[in-house]
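Student: Sharing a model prediction with you, sequence too.
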Amino acid sequence: MFDSASTGRLENGLSGTGAFVYENSYWLVVISFLWTIGSLFVVTIGPVTLGAYVAIRNLDSDRNRVEPRRVLAVVRRQFVPATVFGLLPPLFLSISAGYLYSLSGGITALRLGLGLATFYTGLYLSLVMMPTFVALADGQTGGEAVRTGVRWVAANPTIAMLVGLLTLGVLLVTVVFSVAFVLLYAGAAFSIQVRLVDDVGET
């Protein structure tokens, strides 16, 4: 069960996010559309996600505008770690799905154990990648960024899970309306993640 202190911190972190999304709705729609198109190639999920994070960073600054050259410069510089980090969660979740699907042919302890282990690994990596991509967007190297991500999740496990559930909620709501997913998911979900990772910090 989520403790009231963690829930309060999450609510405080979310307090300005709605206004941010509303005030920057045009750019967030553009970001969402480009992210959706870029992610169709699967292997590009990491770089386009990093680009979306950097663009949101631009909007959430004093300049309050997206700077394409800066976005592309960061993505080029961090292309390799972003690609690897972007593929890790779906890789483990796909492996887990394969093991769990194989249970339809007969349940064995080994298959069940491997399916659950890879599922929880994929879930954990999904949570770690949120602060990791924020750190990459801020210019940290791949190794530094993933250590930042691990520390953030370790320091804020409840909030990390809440943010993950909130991201999943945004996904489910927008998937119901396919056009909404294309135009809203990435901008809204990544805005929540970027702002909460900053607001909560490592405690």
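Tutor: That came through fine.

Student: What helices and strands are in contact with the longest helix anywhere in the chain?
Tutor: For the chain, the helix that runs over the most residues, judged by DSSP state H, is helix 109-137. With contacts defined as 3 or more CB pairs under 8 Å, 6 or more residues apart in numbering; DSSP states H and E, the packing partners of helix 109-137 are helix 45-59, helix 79-102, helix 142-155, helix 157-176, helix 186-200. Any C-beta I mention is one placed from the backbone N, CA and C, and that applies to glycine too.

Student: Give the buried residues for the third one.
Tutor: Within helix 142-155, the residues scored as buried using 16 or more other CB atoms under 10 Å are 142, 145, 146, 148, 149, 152, 153.

Student: ok, and what's touching that helix?
Tutor: Taking contacts as CB atoms under 8 Å, 6 or more residues apart in numbering, the residues outside helix 142-155 that touch it are 78, 80-81, 84-85, 124, 127-133, 135-136, 140, 160, 197, 200-203.

Student: Give me the ChimeraX select line for those residues, limited to the buried ones.
Tutor: Burial among the contacts of helix 142-155 is assessed by 16+ other CB under 10 Å; the matching ChimeraX selection reads:
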select :78,81,85,124,127,128,129,130,131,132,133,135,136,140,160,197,200
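
Student: pLDDT value on residue 195, please?
Tutor: Looking at residue 195, its pLDDT is 84.

Student: In space, what's closest to it - neighbours in sequence excluded?
Tutor: residue 17 (5.1 Å; CB to CB, 6 or more residues apart in numbering).

Student: Next: residue 127.
Tutor: residue 160 (4.6 Å).

Student: From residue 154, how far out is the one you found?
Tutor: 9 Å (CB to CB, to the nearest Å).

Student: With residue 169 instead?
Tutor: Look at residue 169 and residue 154: by CB to CB, they are 24 Å apart.

Student: residue with max distance from the center of the chain?
Tutor: Relative to the centre of the chain, and counting by CA atoms, centre = their mean, the farthest-placed residue is residue 106 at 34.6 Å.

Student: got a list of what residue 36 touches?
Tutor: Contacts for residue 36 (CB under 8 Å, 6+ apart) come out as 181, 182, 185, 186.

Student: Tell me which residues touch the second one, please.
Tutor: The contact partners of residue 182, by CB under 8 Å, 6+ apart, come to 32, 33, 36.

Student: again with the third one
Tutor: Residues near residue 185 by CB under 8 Å, 6+ apart: 32, 35, 36, 170, 171, 174, 175.

Student: Apart from its neighbours in sequence, what residue is nearest the fourth one?
Tutor: Going back to what we said before, that points to residue 170. residue 189 (4.7 Å).

Student: these two touch, right, the one you found and residue 172?
Tutor: No. Applying CB atoms under 8 Å as the test, residue 189 and residue 172 come out as separate, 11.1 Å apart.

Student: Give me the more crowded residue out of those two.
Tutor: Neighbours per residue (other CB atoms under 10 Å) separate residue 189 from residue 172, with residue 189 holding more: 22 against 10.

Student: Give me the below-cutoff pLDDT ranges for the protein.
Tutor: Where the chain drops to pLDDT under 70, the residues are 1-13, 201-203.
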